[in-house]
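Peer 1: here you go, sequence then predicted model.
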Amino acid sequence: MARRGEGHQRNGSAALALLSLGALGVVFGDIGTSPLYAMRESFQGAGHELPVTETNVLGILSLIFWSLTLVITIKYLIFVMRASNEGEGGILALTALVTPRAIAARRRYVLVLIGLFGTALLYGDGMITPAISVLSAVEGTEVATPGLADLVIPIAIAILIGLFAVQRFGTGAVGRVFGPVMIVWFTIIGVLGVLEIAERPDVLRALEPVYAVRFFGENPVTGFLALGSVFLVVTGGEALYADMGHFGRAPIALGWFALVLPGLLLNYFGQGALLLSDAGAIDNPFYRLAPEWGLYPLVVLATVATVIASQALISGAFSLTRQAAQLGYTPRMRIVHTSAAEIGQIYVPAVNWALMVACVGLVVGFRNSTNLAAAYGVAVTTTMVITTLIFYVVAREVFRWRVSVAAGLCCMFLVVDLAFFGANLPKIPHGGWFPLVVGAIVFTLLTTWHTGRKLVADRIRHGRMTLDEFILGVAEAPPTRVPGTAVYLFSLPGMTPPALQSNLRFNRALHERVFVVAVMTDDVPHVDAVHRLKHQNLGHGLHSAELHYGFQDEPNVPRSLARVHVYPGDSAYFLGRETVRATARPGMMQWRERLFALMGRNATSAADYFNLPPGQVFEAGIQVEI
């Protein structure tokens, strides 16, 4: 007979194993495909070239080992992933965690700006990762058959176009095979490494940090530049944290320690052992590990692995966009749910096609993975620095750590982060400018939209009637009441919607029941349905309601209002549509005001975004000068 609790332990272990399997297919794709190019770029990267000597090989390997240990294992898995916003991770969730309304407005503003800039840089990362991953995998065909070199770019473009074209179908079915494929990937690259390490076991000396110190002693300038390429081995660190909400910290940690970290280290050390025996293998040490008969199968496996890595970044961009829209930093966008069972599986057409154009353009413009690697790293290192800074605030204000503990730990992280950041700065002229330009553009769009919405709200609020004043007028001069329910959506709680005032003024009538509804997004991922609705009966048939959603929730106004017996069948929904006009009035610079107006014209309609029933929505337009 099983002991009490044994069955629960088995069930818990099985669930953990399944979640870890899923994490392998989503979380570790980016960091798991870095062996394709990281070792080569460490020796022959943008702006530097190292001779393949024993000191340099052991030094680079030591840097790789300690980078994975300090950045991924200690910083992210042990500490940063403790900063959970109700289970969600990522820089936007982290920023929301440390910006409660109660803190000083100026400090909140600074923290939000820093977090937004880190978020903006992630879009640049999302463009580069699919391009460099797929291109580096396909380049294996050059090793197998040099005559196929001219086909590398067309094949990579075809794969990328196919990858983005299938996004609209969802990844549920494909996702089930992602985990097993990545198990095969990490096992194979680990085995390839072991076979080479067996030939040169002395390569394991690189585990000692003294070889990293000796490397910088012999290459003070070039070694520092090479550090910018060594950073490529940890570029998936932010993805681990961002995807925590999908799987949880424990499954990600289990996958990392049980399979991913061993597979990566064995492969990197295998490449190092190969270079100790054959310096000429530096042209592509990853594929040179494979026997000749295994090259094409390895190319196929690598291509599948890079598609999986790209899928994770694309899905992350979709999720990030939804969070930004919910928090009021981007216009409403059309979001398609590709799974009836999993709310997290979404498709954002505008983001998808923009990423596809950018990825194809990067492949055509940079031509090979070496050139693309020069563009990689600047944005990610900046985001990692920002994560450390915000984590310090979390440690102090959320965890309540002492200053000495929080500052000491974060200073250690900053030393590593800033070293990588400085080593990546020389890449800017060689392509590192691209993610910075993308980040600057996205940051401008995010801040312009948020500031513009605030200006519009201030202009609308100025001189407008409060709900109390409106009700007083209705009580003094009761209008004609018509059957049914009218729902007026307005973003300013306590104020009278312009559409409601216009309807009463021109039709001289009100519905029997009138609900003035404000949809609010809280600084949490999810709001429980029980706590979503705040309702108040104002008398004279008027009601006010606030609907609260998390930044990961999908707003569905009819479903939420059903709790107060407001049903689509007998309700009309009224929306205000603002036409924004740029003026010389104080606010934003005119070019930003015009940009804001353009963004507003291209936003998805509020009716679609809030899931209002078609055919029952009425809009009242107003002109707003900003």
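Peer 2: Yes, it's here.

Peer 1: now what about stretch 399-418, what contacts it?
Peer 2: 67, 70-71, 75, 79, 82, 381, 384-385, 388-389, 391-392, 395-396 (CB atoms under 8 Å, 6 or more residues apart in numbering). From N, CA and C alone the C-beta is placed, and that goes for glycine too.

Peer 1: switch the cut-off to 10 Å
Peer 2: 66-67, 70-71, 74-76, 79-80, 82-83, 231, 234, 381-397, 421 (CB atoms under 10 Å, 6 or more residues apart in numbering).

Peer 1: now Met384: which helix or strand?
Peer 2: helix 378-397 (DSSP states H and E).

Peer 1: other SSEs contacting that helix?
Peer 2: When contacts are defined as 3 or more CB pairs under 10 Å, 6 or more residues apart in numbering; DSSP states H and E, helix 378-397 sits against helix 91-97, helix 105-138, helix 237-242, helix 403-424, helix 433-461.

Peer 1: now the angle between helix 378-397 and the last one, please.
Peer 2: Using axes from the mean of the first three to the mean of the last three CA atoms, to 10 degrees, the inter-axis angle of helix 433-461 relative to helix 378-397 is 50 degrees.

Peer 1: per-residue confidence averaged over helix 433-461?
Peer 2: Mean per-residue pLDDT for helix 433-461: 88.

Peer 1: could you give the number of residues near the closest residue to Phe618 other than its chain neighbours?
Peer 2: Of all residues not flanking Phe618 in the chain, Phe574 sits nearest, at 5.1 Å (CB to CB, 6 or more residues apart in numbering). Look at Phe574: counted by other CB atoms under 10 Å, it has 25 neighbours.

Peer 1: state the three-state secondary structure for Phe574.
Peer 2: The local conformation at Phe574, judged by DSSP: H, G, I helix; E, B strand; the rest coil, is strand.

Peer 1: now Pro555
Peer 2: Going by three-state DSSP: Pro555 is coil.

Peer 1: wait, it touches Thr604, no?
Peer 2: No - using CB atoms under 10 Å, Pro555 is not in contact with Thr604; the gap is 11.9 Å.

Peer 1: between the two, what contacts are shared?
Peer 2: In contact with both Pro555 and Thr604: Ala325, Arg332, using CB under 10 Å, 6+ apart.

Peer 1: these two: which is more packed in?
Peer 2: Using other CB under 10 Å as the criterion, Pro555 and Thr604 rank with Pro555 on top: 19 against 14.

Peer 1: residues contacting that one?
Peer 2: 325-326, 332, 519-521, 532, 547, 549, 606, 609-611.

Peer 1: just name the closest of the residues you listed to Ala242, please.
Peer 2: Taking CB to CB as the measure, Ala242 lies nearest Gln326 of these, at 15.9 Å.

Peer 1: and the strands in the chain?
Peer 2: Along the chain, the stretches classed as strands by DSSP state E are 336-337, 346-347, 480-489, 509-521, 533-539, 542-549, 571-581, 617-625.

Peer 1: reformat those as a markdown table; add mean pLDDT and distance to Ala309.
Peer 2: Below are these laid out as a markdown table (pLDDT from 0 to 100; distance: least, CB to CB, whole Å):
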| stretch | mean pLDDT | distance to Ala309 |
| --- | --- | --- |
| strand 336-337 | 72 | 23 |
| strand 346-347 | 78 | 19 |
| strand 480-489 | 91 | 41 |
| strand 509-521 | 90 | 31 |
| strand 533-539 | 90 | 41 |
| strand 542-549 | 92 | 31 |
| strand 571-581 | 83 | 40 |
| strand 617-625 | 76 | 42 |
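
Peer 1: and those strands: which comes nearest Ala206?
Peer 2: When those are ranked by proximity to Ala206 (CB to CB), strand 346-347 comes first, at 43.2 Å.

Peer 1: re the thing from before, which one, of the helices and strands packed on helix 378-397, ends up nearest to Ala226?
Peer 2: When these are compared for distance to Ala226 using CB to CB, the nearest one is helix 403-424, at 7.7 Å.
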